[in-house]
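Q: Curious how this folds, go ahead:
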Amino acid sequence: MSIRLRVYASIVLGSILLAGCDESLSTLAGPTPDLQPTFSSIQSQIFESTDSSGRSACIKCHSSVGRNPSGGMSLDHSVAYNNLVNVSVREKPSFMRVVPGDPTSSYLIHKLAGSSDIAGRRMPFDGPPYLTDGQIQIIQRWISLGAPQN
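A: Residues are numbered from 1 along each chain as shown. Below is the predicted model:
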């Protein structure tokens with residue numbers, strides 16, 4: 001099964017789980033039980049926090065505080081949204097980091113899932129642990145909803 005097909009299948013499954021049943025997001029989110037498909041939740045629960053599994057906060061590497069951020073992408077609170085949505089990837093300019101409404105084409109999902117088409121390594125760089133499938137599905141849901149700055 002190709003990587004793109006697996007990512008697509010994951011998106012479909014995630015959408016079904018999030019939209020078609022009563023499973024609580026806290027169950028799906030695993031080590032981040034308060035994670036919601038909103039940018040502010042993803043920022044605080046994923047980008048800025050280490051979770052209960054021991055996964056590192058993204059800003060460990062993607063911060064401009066005292067350094068050049070990894071991949072040229074700062075996820076610092078005040079600039080993260082503008083550095084993600086509709087922004088091309090430095091290492092692969094034909095890809096966009098987040099394509100509103102299209103998680104399959106969003107490079108962020110490819111990096112978090114460790115797809116074969118990424119430059120470098122799966123994120124977080126010091127993983128495992130990596131984000132769980134449920135955490136990634138919640139991020140995919142936010143992107144599917146148009147990646148609003150909410």
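Q: Which parts of the protein are strands?
A: Under the criterion DSSP state E, the chain carries no strands.
Q: Confidence-wise, which helix or strand of this protein is lowest on average?
A: helix 3-19 (a mean of 52; mean pLDDT, DSSP states H and E).
Q: Most remote residue from the middle of the chain, which is it?
A: G66 (23.9 Å; Cα atoms, centre = their mean).
Q: V98 touches L108, doesn't it?
A: Yes: applying Cβ atoms under 8 Å, one finds V98 in contact with L108, separated by 5.3 Å. Glycine gets a C-beta too; all of them are placed from N, C-alpha and C.
Q: tell me, what's touching those two both at once?
A: Residues within reach of V98 and of L108 at once, by Cβ atoms under 8 Å, 6 or more residues apart in numbering, are L84, I143.
Q: quick one: low-confidence parts of this protein?
A: For the chain, applying pLDDT under 70 flags the ranges 1-23, 26.
Q: all helices in it, in order from the N-terminus.
A: 3-19, 25-29, 39-42, 80-84, 107-113, 133-144 (DSSP state H).
Q: Now do the shortest one: distance to the chain's middle.
A: I take that to be helix 39-42. 10 Å (Cα atoms, centre = their mean, to the nearest Å).
Q: just stretch 87-99 next, same as before
A: Distance, centroid of stretch 87-99 to centroid of chain: 14 Å (Cα atoms, centre = their mean).
Q: List of residues touching it?
A: 71-73, 83-86, 105-108, 110, 118-120, 143, 147.
Q: what do you get if the cut-off is 6 Å, keeping everything else the same?
A: G71, G72, L84, V85, S105, S106, Y107, L108, A119, I143, A147 (Cβ atoms under 6 Å, 6 or more residues apart in numbering).
Q: Now flag whichever of the residues you listed is closest to F39.
A: Ranked by distance to F39 (Cβ to Cβ), the contacts of stretch 87-99 are led by A147 at 7.2 Å.
Q: Ramachandran angles for the closest one?
A: Main-chain torsions, A147, degrees, to the nearest 10: phi 50, psi 50.
Q: Now it: closest residue in space, sequence neighbours ignored.
A: Nearest residue to A147, sequence neighbours excluded (Cβ to Cβ, 6 or more residues apart in numbering): P100, at 4.1 Å.
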